[in-house]
Each structure stands twice: as structure tokens, then as C-alpha cells.
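Asker: structure, please.
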Amino acid sequence: MKNTFFKSSYNLWRAVFMSLSILTVSDACAKSSTNGEDNTDKKAVTVQMIVSTDSTITVNVKVDNQHGDKFSIAIENMKEGQLYKEMFTNNAFETNYTLPKPESDNEYSFIISSKNKALSQKFSIKTITRYVEDVTVTKL
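Answerer: Below is the predicted model of the structure:
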């Protein structure tokens with residue numbers, strides 16, 4: 001009985017810290033800077049991590065393209081270079097990308113750019129996983 005309790009307690013703490021790591025990365029993405037450029041449409045592009053499992057992450061990308069300009073979304077990582085690139089012209093674009101979880105020394109970069117530079121932004125996503133083991137001390 002105690003062994004089952006310790007296993008479920010361990011899994012609960014593991015899930016809590018996985019959730020905290022997702023929130024940390026999402027918050028970092030939301031606060032991502034764009035190298036000092038002064039774009040008027042900063043809120044036109046959002047990139048957020050929405051789901052994380054042991055092996056994958058799912059990232060939501062929203063682009064509010066009011067002028068209907070042609071824009072591209074590129075996904076890169078440091079080790080393998082460019083993984084994906086596609087052009088779009090949607091006025092209200094939203095999609096989810098499911099990617100394998102990066103290794104500890106690697107991260108994904110989402111680069112959204114348009115010809116007139118109104119939508120040009122870069123977001124980085126790096127996962128942080130923390131494990132805590134629950135220990136109980138009992139008096140003998």
C-alpha cells in the first residue's frame with residue numbers, strides 16, 4: 001500500500017514540475033524580444049507551447065495578417081538547421097506543430113517573416129524538465 005502511495009506521489013510531483021516547465025517556456029516565448037526592431041504589429045504573431053509529453057511538444061502559432069501579405073514560417077534547430085518552411089497568405093492564420101522534444105542542449109526557433117517586415121519575429125523554445133522525488137521520514 002505504501003509503495004503504491006509513493007509511486008503515485010512521485011508521478012504527481014513529476015507532472016506538476018512538467019507543467020511548470022511548460023508554463024516557463026510559454027512565458028519566455030510570450031516575452032521574446034525581436035532584437036530591438038520597432039514593429040507596430042508585435043501582437044500580430046504569438047507562439048506558445050500548449051502540450052508537452054515525454055517525447056513531443058506541441059506549439060501553437062497564430063498570425064494576425066491584417067493586410068493579407070505573403071509571409072513564411074520557418075522552424076529551425078541548432079543541430080539540424082532548417083526543419084520546415086512554408087509560405088502563407090491567410091489573414092487569420094493559426095496552426096499547431098508537433099515536434100520531437102529537443103535534447104537538453106538544443107532548442108527550436110520559429111521564424112515568422114514577411115517581405116515588408118511587418119510580421120518579422122523570431123521565437124525560441126527550449127524545454128526544461130525537473131524531477132523531484134518525494135521522500136517521507138517516519139519515526140521508528
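Asker: what's the burial count for residue 122?
Answerer: By other CB atoms under 10 Å, the residues close to residue 122 number 17. C-beta here means a position set from N, CA and C on the backbone, and glycine is covered the same way.
Asker: the helices in the protein, which residues?
Answerer: 2-30 (DSSP state H).
Asker: where in it is pLDDT low?
Answerer: 1-43, 104-105, 129 (pLDDT under 70).
Asker: please enumerate the strands of it.
Answerer: 45-52, 56-64, 71-77, 81-88, 92-100, 108-114, 121-125 (DSSP state E).
Asker: rebuild these as JSON lines, extending it with distance to residue 136.
Answerer: Output for these, formatted as JSON lines (distance: least, CB to CB, whole Å):
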{"stretch": "strand 45-52", "distance to residue 136": "28"}
{"stretch": "strand 56-64", "distance to residue 136": "33"}
{"stretch": "strand 71-77", "distance to residue 136": "41"}
{"stretch": "strand 81-88", "distance to residue 136": "45"}
{"stretch": "strand 92-100", "distance to residue 136": "36"}
{"stretch": "strand 108-114", "distance to residue 136": "39"}
{"stretch": "strand 121-125", "distance to residue 136": "36"}
